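# need a structure here:
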Amino acid sequence: MQEKDFVHLLVEIRDLQREHLEEYRRVTKESLELQRRAVQRQEQLGRLYRRVVAVSALVLAAAVVFLVWLFGGFR
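Residues are numbered from 1 along each chain as shown. Presented below is the predicted three-dimensional model:
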């Protein structure tokens, strides 16, 4: 009877380890997907930031030229 209990215990341990491994794989896969999404989001925000800075620089340059023209800098 002891050997049967021992075998049963080993089977339970094996099954629990398999379940744990499967859960670990699932969580790892989900974590990697979230990291990929975060990287994509950062790339998108980086591109948006560059565009905003470029447009702001153009607007600022245009405002400076306008003010110089308005106050007679080009006369």
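# Next, work out how far apart the spatially most central residue of the chain and residue 45 are.
By CA atoms, centre = their mean, the chain has its centre lying nearest to residue 38, at 0.9 Å. Separation of residue 38 from residue 45 (CB to CB, to the nearest Å): 11 Å. In short, each C-beta sits where N, CA and C put it, glycine included.
# cool, residue 36 as well?
Here residue 36 is placed at a distance of 15 Å from residue 45 (CB to CB).
# can you check residue 2 too?
63 Å.
# If you count surrounding residues, which of these two has more?
Under the criterion of other CB atoms under 10 Å, the comparison of residue 2 against residue 45 puts residue 45 first, with 10 against 6.
# which SS state does that one fall under?
helix (DSSP: H, G, I helix; E, B strand; the rest coil).
# so where is this structure shaky, pLDDT-wise?
1, 74-75 (pLDDT under 70).
# Spell out, range by range, the helices that occur in it.
Along the chain, the segments classed as helices by DSSP state H run 2-70.
# Neighbours of residue 37, how many?
10.
# nope, residue 20 is what I was after
Neighbours around residue 20, by other CB under 10 Å: 10.
# Likewise for residue 50?
Number of residues near residue 50 (other CB under 10 Å) recorded here: 10.
# Look up how far residue 57 lies from it.
Between residue 50 and residue 57 the computed distance is 11 Å (CB to CB).
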